[in-house]
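**Student:** Predicted coordinates and the sequence they were generated for:
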Amino acid sequence: KQEVTQIPAALSVPEGENLVLNCSFTDSAIYNLQWFRQDPGKGLTSLLLIQSSQREQTSGRLNASLDKSSGRSTLYIAASQPGDSATYLCAVPNSGNTPLVFGKGTRLSVIA
Amino acid sequence: EAGVTQFPSHSVIEKGQTVTLRCDPISGHDNLYWYRRVMGKEIKFLLHFVKESKQDESGMPNNRFLAERTGGTYSTLKVQPAELEDSGVYFCASSPRKFRGFNTDTQYFGPGTRLTVL
């Protein structure tokens, strides 16, 4: 049974700092890995999707890496801004178009 | 392109009552998923439709929950009778089928319905 763990559970950083969020999963037979962002009271916004054959994906100030063999992914946020404050969720399906297994998320606060 | 929409955004009901949640997926998306997040826990899968067929309902907690997707468009999730532990945020997501081998597995989530059972 796939389990996803995210560390830390919460993080507070000053504006401008670079930061790393961690995600680990128990079953390395994943098809891809998605990072989501959730703002309070809102739905989930997909940030990055990394295919199992890829090592990383970049979008603006975000960079996600995937080490499938070790069951780990990191989300790197460069030059953090107060607008980055949200809960970041990591999720994996076991194969294409199958349900996602989520971690509990990391609640990020970027202080101006 | 309109995103996934859910109705209502909030629902407060008393224990024993019935509530029906609705999800409208992105037009043309064959896959529709229901997920739930209860307080303090991770988001968990409930049910997966491919068009109008239930592909996987292994996450449905019990027979008080009934999901339908007649015609393969919108979906409803009915809770009858509601219990206190059913409180949480119910998310719907959709994704297209693979087309010509192109990976389109991103799931697009709706804003969720916050259900409170008193």
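**Tutor:** The structure has been received and is ready for your questions. Residues are numbered from 1 along each chain as shown, chains lettered A, B, ... in the order given.
**Student:** all strands for chain A, in order.
**Tutor:** Taking DSSP state E as the criterion, chain A carries its strands at A:4-7, A:10-14, A:19-25, A:32-38, A:44-51, A:56-59, A:62-67, A:72-77, A:86-92, A:101-102, A:106-111.
**Student:** same deal with chain B?
**Tutor:** Using DSSP E, strands in chain B cover B:5-7, B:10-13, B:19-24, B:31-37, B:44-50, B:53-56, B:65-68, B:75-79, B:88-95, B:108-109, B:113-117.
**Student:** quick one: low-confidence ranges for chain B?
**Tutor:** Low-confidence segments of chain B (pLDDT under 70): B:1, B:98-104.
**Student:** again, 90 this time
**Tutor:** When residues are selected by pLDDT under 90, those of chain B lie in B:1-2, B:28, B:39-40, B:70-72, B:95-107.
**Student:** what residues does it put near chain A?
**Tutor:** Taking CB under 8 Å from any CB of the partner chain as the contact definition, chain B meets chain A at B:4, B:31, B:33, B:35, B:41-45, B:48, B:50, B:56, B:59, B:91, B:93, B:95, B:97-98, B:103, B:105-112, B:114. C-beta: built from backbone N, CA, C; applies to glycine.
**Student:** Would you show me how to pick out the buried ones of those residues in ChimeraX?
**Tutor:** Here is the ChimeraX selection string for the buried members of those, based on 16 or more other CB atoms under 10 Å in any protein chain shown:
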select /B:4,31,33,35,42,43,44,45,48,59,91,93,95,105,107,108,109,110,111,112,114
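**Student:** Tell me how many other residues surround residue 81.
**Tutor:** Defaulting to chain A. Neighbours of A:Q81 under the rule other CB atoms under 10 Å in any protein chain shown: 12.
**Student:** hm, I was asking about chain B
**Tutor:** Residues near B:P81, counting by other CB under 10 Å, number 14.
**Student:** again with A:S12
**Tutor:** The burial count for A:S12: 11, using other CB under 10 Å.
**Student:** quick one: the nearest residue to it once chain neighbours are set aside from B:R37, how far?
**Tutor:** Leaving out its chain neighbours, the residue that sits closest to A:S12 by CB to CB, 6 or more residues apart in numbering or on different chains is A:S109, at 4.4 Å. The gap separating A:S109 from B:R37 is 20 Å, by CB to CB, to the nearest Å.
**Student:** now A:L47
**Tutor:** Counting by CB to CB, the separation of A:L47 from B:R37 is 18 Å.
**Student:** coming back round to it: ok, the residue nearest to A:S12 touching A:E15?
**Tutor:** No: between A:S109 and A:E15 there is no contact under CB atoms under 8 Å: 10.5 Å.
**Student:** got a list of contacts for stretch B:67-86?
**Tutor:** B:13-25, B:30, B:32, B:34, B:38, B:46-47, B:49, B:51-52, B:54, B:57, B:60, B:64-66, B:90, B:92, B:115, B:117-118 (CB atoms under 8 Å, 6 or more residues apart in numbering or on different chains).
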